[in-house]
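Peer 1: I need the structure of the sequence given here:
(one chain, ligands or ions: 1)
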Amino acid sequence: MKEKIIELSKQIRQFDPQNKQQLEEFKIKFLSKKGMIPSLFQEFKQVPPEERKTIGILLNELKQLAHEHLEASALKFEEIVSQTVQIDTSLPAASITGGRHPISIVSRDINTIFERLGFVIAEGPEIEDDFHNFTALNFPEEHPARDMQDTFFIAKSPDIALRTHTSSVQVRVMEQSQPPIRIIAPGRVFRNEAISARAHCIFHQVEGLYIDKDVSFADLKQTLFYFAREFFGTNTKIRFRPSYFPFTETSAEMDVSCNICGGKGCTVCKYSGWVEILGCGMVDPNVLEACNINPEIYSGYAFGMGIERIAMMKYQINDLRLFFENDMRFLSQFSSLV
Ligand code: DAH
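Peer 2: As a prediction, the model looks like this:
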């Protein structure tokens, strides 16, 4: 029996598996129920008592050796496996999935242009009180925009609502700082509108505000002209039409020459050659006063535009709902624009 044990331990030591299968074969040959080592333990029952102690020790050592050798071999084999799956740095990178939403792209592009002119990004809450959304902006008590039909109210007296425009951020900034103020405020706004190809109850606006001494309408025009040319292209023309907003006096709406047909006339500009993109004007002195800025010393201009509208023009999208549906067939078209 002793010789058998010595012979087997030799075999075990020499065993050098080259793959997982050989490892398995080793296990079956030596250690499985009917394997050689368990069979030796069966034979051990016949070993005369005087030899039992020494043989018993040898047998246990053999069993331990087999187990250790198996584990060591398996470990070596795993190392080989893990080496073969090491990262190949020469492989091309996996393609990045996902991308920015077109509204984010346009919003960022608008912000960047104004930041170049020294405007700073400002933010305000989406849930607003009546003062910041309406009263401080010179909305008369009976103005229809305050109506339930336009505004999503969250609470009554005091009135709390989802902001209907980012002009509320003007008020918050003016309350907290003194001129010169030059901010751009992008954000989400909410209106109680039926959802259609041209309207949605959630959309995005960018508000601009500049307050300082001697700010004039000419400054407003030049700033917006710069913006239009940077955003839509250097051939872009602008025009102003008189308008009315409670928070500006003088008020205007600005059109840009249609960037689809170059002003010749098409379905996008309804054959007029012009597309309205924003409202603007000189900040009404009442608004400055409501925000503790002295209108005798300071003046300023403000403007506001809808980001969806600009994005629709830029990418020639004819249904506003596409921006909100998260359809991958739509969104993936913008993923390369980053
Ligand atoms: N708040 C206006 C709206 O939601 C947009 C606007 C018009 C903002 C004229 C202005 C402005 O700052 O001067 O329709």
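
Peer 1: got a pLDDT number for the residue of the stretch 151-300 of the chain at minimum distance from the ligand?
Peer 2: Closest approach between the stretch 151-300 of the chain and the ligand, counting by CB to the nearest ligand atom: residue 279, at 2.7 Å. (Glycine included, C-beta is placed from N, CA and C.) Per-residue confidence (pLDDT) for residue 279: 97.

Peer 1: look at it and give its secondary structure.
Peer 2: strand (DSSP: H, G, I helix; E, B strand; the rest coil).

Peer 1: partners of it in the sheet?
Peer 2: Residue 279 forms beta bridges with residue 253, residue 304, as assigned by DSSP bridges.

Peer 1: strands along the stretch 1-150 of the chain, start to end?
Peer 2: Taking DSSP state E, counting those that start in this stretch as the test, the strands found in the stretch 1-150 of the chain are 120-121, 127-129.

Peer 1: okay if I get these as TSV plus distance to the ligand, mean pLDDT and mean neighbour count?
Peer 2: Formatted as TSV, these follow (distance: least, CB to the nearest ligand atom, whole Å; pLDDT from 0 to 100; neighbours: other CB atoms under 10 Å):
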stretch	distance to the ligand	mean pLDDT	mean neighbour count
strand 120-121	16	98	13
strand 127-129	13	97	19
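
Peer 1: would you tell me which of these gets closest to residue 283?
Peer 2: Closest to residue 283 of these, according to CB to CB: strand 120-121, at 17.2 Å.

Peer 1: which strands or helices does the closest one pack on?
Peer 2: Strand 120-121 sits against strand 181-190, with contacts defined as 3 or more CB pairs under 8 Å, 6 or more residues apart in numbering; DSSP states H and E.

Peer 1: any residues touching the strand it packs on, and which ones?
Peer 2: Contacts to strand 181-190, defined as CB atoms under 8 Å, 6 or more residues apart in numbering, come from residues 107, 110-111, 114-115, 117-124, 126, 152, 162-166, 169-170, 173-174, 201-212, 300, 307.

Peer 1: next, the angle from the next helix or strand after it to strand 181-190.
Peer 2: Where DSSP states H and E defines the elements, the next helix or strand beyond strand 181-190 is strand 202-212. Inter-element angle recorded for strand 202-212 and strand 181-190: 160 degrees (by axes from the mean of the first three to the mean of the last three CA atoms, to 10 degrees).

Peer 1: so what are the sheet partners of strand 202-212 and their directions?
Peer 2: strand 181-190 (antiparallel), strand 299-306 (antiparallel).

Peer 1: tell me how far the residue nearest the centre of the chain lies from residue 189.
Peer 2: Nearest to the mean C-alpha position of the chain, counting by CA atoms, centre = their mean, stands residue 100 at 6.7 Å. Distance of residue 100 to residue 189, given as CB to CB, to the nearest Å: 20 Å.

Peer 1: ok, now residue 91?
Peer 2: Note on residue 91: its distance to residue 189, by CB to CB, is 46 Å.

Peer 1: one more: residue 265?
Peer 2: Going from residue 265 to residue 189 by CB to CB gives 31 Å.

Peer 1: cool, and residue 51?
Peer 2: Using CB to CB, we find residue 51 at a distance of 95 Å from residue 189.

Peer 1: for residue 144, what are its contacts?
Peer 2: The contact partners of residue 144, by CB under 8 Å, 6+ apart, come to residue 150.

Peer 1: recalculate using a threshold of 10 Å.
Peer 2: Listed by CB atoms under 10 Å, 6 or more residues apart in numbering, the contact set of residue 144 reads 150, 151.

Peer 1: looking at residue 51 and residue 189, which has the bigger crowd around it?
Peer 2: Using other CB atoms under 10 Å as the criterion, residue 51 and residue 189 rank with residue 189 on top: 23 against 13.

Peer 1: and stretch 131-142, which residues are buried?
Peer 2: Residues of stretch 131-142 classed as buried under the neighbour-count rule (16 or more other CB atoms under 10 Å) are 132, 133, 134, 135, 136, 137, 138, 139.

Peer 1: re earlier: roughly how far does the residue nearest to the centre of the chain sit from residue 107?
Peer 2: Residue 100 sits at a distance of 10 Å from residue 107 (criterion: CB to CB).

Peer 1: what does residue 93 give?
Peer 2: From residue 93 to residue 107 the distance is 28 Å (CB to CB).

Peer 1: and the closest residue to residue 238 other than its chain neighbours, helix, strand or coil?
Peer 2: Once flanking residues are discounted, residue 238 sits nearest to residue 228: 5.0 Å by CB to CB, 6 or more residues apart in numbering. Three-state assignment for residue 228 (three-state DSSP): helix.
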